[in-house]
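A.B. asks: 3D, please:
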Amino acid sequence: MPKLPFFVLLASVLFLSACSSGGSDSPSDSDAHPQSWFATHAEEVLADPGYSDCTACHGSDLRGSGDVVSCFSCHSYNTEPPFSFHPQNWTDPFIDHRGFAALNGTASCSSCHGQDLRGRQTAPSCFSTGFDGRSCHADGPQGVPHALDGTYLSGANHGPDAKEDLTACQVCHGQRGGPGSNPRFNVGITSVGGNGCESCHGTNYAHPQDWPRHNTAGNIQNACTLCHGVALDGIGGVGVSCLECHSLNPGTNPAGCVSCHNAPPDGAAPVGDVSPNLEGSHIRGGHTALIALVLTDTCDRCHSGAGSGTDNHFDQTRPADVNIPILDPLDTIIWNGTNMTCNGNCHIDGPFGVINFNHNNASWY
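C.D. replies: Numbers count the residues shown, from 1 in each chain. Take a look at the predicted model:
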């Protein structure tokens, strides 16, 4: 057999090697696409409006031909191009998938996100801590922690949860960030405008704009500092300074009255002798003793229903409502517009027994 010239052998090797790079991304002998095609083909397909490159193998209707699969085996929701992995009403992957999963389960998600929902080359893991700049569920898909039938939109229903810890709402309905980050709470929910909490509460608000009774807010140091500044002084925050009303940082002084006034009110620092720190007879012997003995019940001892956390606590209309359990009907308490005068004997039946106070035209201020 005659020997082939060396250049013929070399040409044959080059020809064969040109058919496949031998790399990990190369298509197999029975596959027309690279291994990464499943994850990257969307951009290339959209660049071909007529899908002419696809119809050559997948059939004129893209429903498969011979051993070539149908494009609708994955794009099952749309019957006409342009294709989508999700239903046609799926406008926001971060909003719509929660309701869809709650109503339909996650079985249909596994075709792209993997049988264990931990992701594939084509779709992220459902156990991701975040995706595209938004927080996700690192512990995996779970039930939404509130009703999805619209009833939770009522402030009476979601308000207590939001007050307890606003950062819990931030996980799904707010942008990411910690204290001082000023995150928007505009991740959509089914509400007017679909703009998250801000649909009802306003831009840069995750709570009512007029929220005078926010004393029940929890996790102050982490939740309120999101927008009111790291030190709650408004510096760098989209929210006002909490120190405009609170003389001491309410994050580090959440109880004990000292954030607004002393216990008992004495007309001195931190807020001075103006409401709600009017000195009056709070420092009088007996009064002071009672107040000092039950610091957590400071106001409610004499102003029933006006303890910290009540609506009456924020009513600064003078005089303060006095509702003392007085047993002697001859006693009188008179307010003349500037001062309050007590007459007679007060027999107060409290947690320390019956205590007698004798008053004869005694002025409060």
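A.B. asks: pull the CA atoms of stretch 65-79 into PDB?
C.D. replies: C-alpha atoms of stretch 65-79 as PDB (Å, rounded to 0.1, in the frame of the first residue of the first chain):
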ATOM      1  CA  SER A  65     -40.000  16.200  15.300                       C
ATOM      2  CA  GLY A  66     -38.700  12.600  15.400                       C
ATOM      3  CA  ASP A  67     -36.400  12.300  18.400                       C
ATOM      4  CA  VAL A  68     -36.200  16.000  18.900                       C
ATOM      5  CA  VAL A  69     -38.200  17.200  21.900                       C
ATOM      6  CA  SER A  70     -41.000  19.700  21.800                       C
ATOM      7  CA  CYS A  71     -40.200  23.200  23.000                       C
ATOM      8  CA  PHE A  72     -43.500  23.000  24.900                       C
ATOM      9  CA  SER A  73     -42.100  20.300  27.200                       C
ATOM     10  CA  CYS A  74     -40.600  23.200  29.100                       C
ATOM     11  CA  HIS A  75     -42.500  26.200  27.900                       C
ATOM     12  CA  SER A  76     -45.800  24.600  28.900                       C
ATOM     13  CA  TYR A  77     -47.800  27.700  29.900                       C
ATOM     14  CA  ASN A  78     -47.900  29.600  26.600                       C
ATOM     15  CA  THR A  79     -49.300  28.000  23.500                       C
END
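A.B. asks: I'd like the numbering to begin with 7 instead of 1 from here.
C.D. replies: I'll keep to 7 as the first residue from here, and by that count the last item is stretch 71-85.
A.B. asks: residue boundaries of the helices in the stretch 207-356 of the chain?
C.D. replies: Secondary structure of the stretch 207-356 of the chain (DSSP state H, counting those that start in this stretch): helices at 226-229, 231-234, 293-299.
A.B. asks: Just the residues contacting stretch 187-196, thanks.
C.D. replies: 98, 100-101, 105, 140, 156, 159, 175-176, 178-183, 200-205, 207, 209-212, 232-233, 242-244 (Cβ atoms under 8 Å, 6 or more residues apart in numbering). For every residue, glycine as well, the C-beta is placed using N, CA and C.
A.B. asks: Tabulate the CA atom coordinates of it in CSV.
C.D. replies: The C-alpha trace of stretch 187-196 is given here as CSV (Å, rounded to 0.1, in the frame of the first residue of the first chain):
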residue,chain,number,x,y,z
SER,A,187,-30.0,51.6,54.8
ASN,A,188,-33.4,53.3,54.2
PRO,A,189,-34.8,50.3,52.4
ARG,A,190,-38.0,50.9,50.3
PHE,A,191,-40.9,48.7,51.3
ASN,A,192,-42.2,48.7,47.8
VAL,A,193,-42.0,45.0,46.8
GLY,A,194,-45.4,44.4,45.4
ILE,A,195,-48.3,42.7,47.1
THR,A,196,-51.9,42.5,46.0
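A.B. asks: what is the rounded mean pLDDT of it?
C.D. replies: For stretch 187-196, the mean pLDDT works out to 82.
A.B. asks: now stretch 288-305
C.D. replies: In the prediction, stretch 288-305 has an average pLDDT of 63.
A.B. asks: The nearest residue to residue 223 once chain neighbours are set aside: how many residues sit nearby?
C.D. replies: Residue nearest to residue 223 in three dimensions, not counting chain neighbours: residue 169, with 5.4 Å by Cβ to Cβ, 6 or more residues apart in numbering. Neighbours of residue 169 under the rule other Cβ atoms under 10 Å: 18.
A.B. asks: wait, what's in contact with residue 169?
C.D. replies: Contacts were defined as Cβ under 8 Å, 6+ apart; by that measure residue 169 touches 213, 220, 222-224.
A.B. asks: Among those, which ones are in strands?
C.D. replies: Of the contacts of residue 169, none are assigned to strands by DSSP state E.
A.B. asks: can you redo those as CSV with distance to residue 255?
C.D. replies: What follows is those, written out as CSV (distance: Cβ to Cβ, whole Å):
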residue, distance to residue 255
213, 19
220, 15
222, 18
223, 14
224, 16
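A.B. asks: which two in these are spaced the farthest apart?
C.D. replies: Greatest spatial distance among the contacts of residue 169 (Cβ to Cβ): 213 and 224, at 12.3 Å.
A.B. asks: higher neighbour count, the two?
C.D. replies: residue 213 (22 against 17).
A.B. asks: Is the more buried one in contact with residue 204, as I believe?
C.D. replies: No - using Cβ atoms under 8 Å, residue 213 is not in contact with residue 204, being 10.7 Å away.
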